[in-house]
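S.K.: Here is my input, please return the structure:
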Amino acid sequence: RCGTWLSLGTLQEMTDQGLVLHPMVVVNLADHFTRSTIQDGKDKAMGILLGCVINKALHITDAVEMHFEQSGGDFKLPFKEFEEDFELHKEAYPDNEVVGWYCTGSKPDNVHSNIQQSVTRWYATYEGKKLTKVPLFLLMNPEAKMSDEALPVQIYGSDLKAKKYKIGSDNAETVAVVHCAQEGVENQKGSKLVHHYENVHRGVAMMRARLKVLHDYVIDCKEKKVKPDIKILRQVKSICNRLPTMQTTQLNIESQTEFNDALLVAYLSSITKDSSAIGSLMQKFNQVYGSQGRSFMRYDE
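M.R.: Residues are numbered from 1 along each chain as shown. This next block holds a predicted model:
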């Protein structure tokens with residue numbers, strides 16, 4: 001449960017073993033950097049990291065941005081203003097505590113080292129609960145490419161030593177992140193049902209491609225083109241046992257039912273659109289012709 005109080009020694013050992021980063025923190029950092037770049041013309045975004053203890057693991061759950069002042073290579077952080085804002089934040093989220101700070105950049109440099117020292121001095125005089133001996137430093141690389149496999153986020157501890165972390169989220173946070181990720185899809189043509197079946201189709205196609213690799217391997221082993229590996233063949237047999245039997249009456253009934261439901265949804269959607277178009281046409285016709293238009297629609301006996 002959030003807010004569990006432990007000794008500093010226990011917490012230091014705990015943070016070395018379990019450090020969890022929540023995806024909403026990354027979303028907040030990306031949003032902050034985008035606004036700072038477009039609105040303020042700044043090349044950096046900085047703020048304070050908040051977190052709590054859950055099951056003996058330190059979870060970084062939120063981030064609060066700070067409006068810093070820059071003079072050359074020196075940065076001045078308004079810690080007093082943050083403490084005032086954080087008091088209001090604690091009223092809504094009483095379990096959150098300060099665990100570190102964040103900044104943007106490709107890799108740690110002297111500027112980050114100086115800011116780390118400044119934050120560490122402030123953290124030593126901070127009167128709230130301390131979940132770590134020294135504040136953590138999270139660095140996000142805004143110049144990362146979409147082709148990069150790793151998340152462009154690194155967390156550092158004392159002396160800017162990199163720390164291992166895991167990604168974790170609760171159900172509400174997962175829904176929010178998925179909604180943000182699908183925002184671009186909403187503007188595309190087609191209903192949500194179409195996008196859902198497109199995802200299902202891609203998943204089935206991917207599974208079929210992987211099964212084909214296994215099938216080709218088994219055929220090559222049977223024809224003695226490759227030397228059979230008993231361990232791999234056992235794994236293939238285990239996968240085959242997990243796959244449902246395709247030629248069954250129940251599967252055909254479920255498949256036909258789902259197919260008919262999809263056709264029914266498409267049919268009802270078409271009827272709804274046509275009815276709306278007819279209603280709109282009748283409304284415009286009556287506005288133009290009024291009662292005279294209604295007389296035109298009567299058939300002479």
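S.K.: From residue 157, how far off is residue 230?
M.R.: Using Cβ to Cβ, to the nearest Å, we find residue 230 at a distance of 46 Å from residue 157. Heads up, the C-betas are built off the backbone N, CA and C, glycines and all.
S.K.: cool, and residue 202?
M.R.: According to Cβ to Cβ, residue 202 and residue 157 sit 40 Å apart.
S.K.: Neighbour count: these two, which is higher?
M.R.: Higher neighbour count among residue 202 and residue 157: residue 157, with 19 against 10, using other Cβ atoms under 10 Å.
S.K.: Could you pull up phi and psi at the more buried one?
M.R.: When read as degrees, to the nearest 10, the backbone of residue 157 gives phi -110, psi -140.
S.K.: Same question for the one 10 residues further on.
M.R.: Dihedral pair for residue 167: phi -100, psi 130, per degrees, to the nearest 10.
S.K.: and it, what pLDDT?
M.R.: With respect to pLDDT, residue 167 scores 87.
S.K.: I figured it was touching residue 19, is that so?
M.R.: No - in this structure residue 167 lies outside contact range of residue 19 using Cβ atoms under 8 Å: 10.6 Å.
S.K.: Give me the residue at the spatial middle of this protein.
M.R.: Nearest to the mean C-alpha position of the chain, counting by Cα atoms, centre = their mean, stands residue 177 at 3.9 Å.
S.K.: Got the phi and psi for the nearest residue to it once chain neighbours are set aside?
M.R.: Leaving aside its chain neighbours, residue 177 sits nearest to residue 23 (4.9 Å; criterion: Cβ to Cβ, 6 or more residues apart in numbering). Dihedral pair for residue 23: phi -60, psi -30, per degrees, to the nearest 10.
S.K.: and the gap between residue 23 and residue 150?
M.R.: 15 Å.
S.K.: Who has more neighbours out of those two?
M.R.: Ranked by neighbour count (other Cβ under 10 Å), residue 23 and residue 150 place residue 23 first, with 18 against 8.
S.K.: So which other helices or strands are in contact with the helix or strand hosting residue 89?
M.R.: Using DSSP states H and E, residue 89 falls within helix 79-92. Under the contact definition 3 or more Cβ pairs under 8 Å, 6 or more residues apart in numbering; DSSP states H and E, helix 79-92 sits against strand 47-54, strand 57-65.
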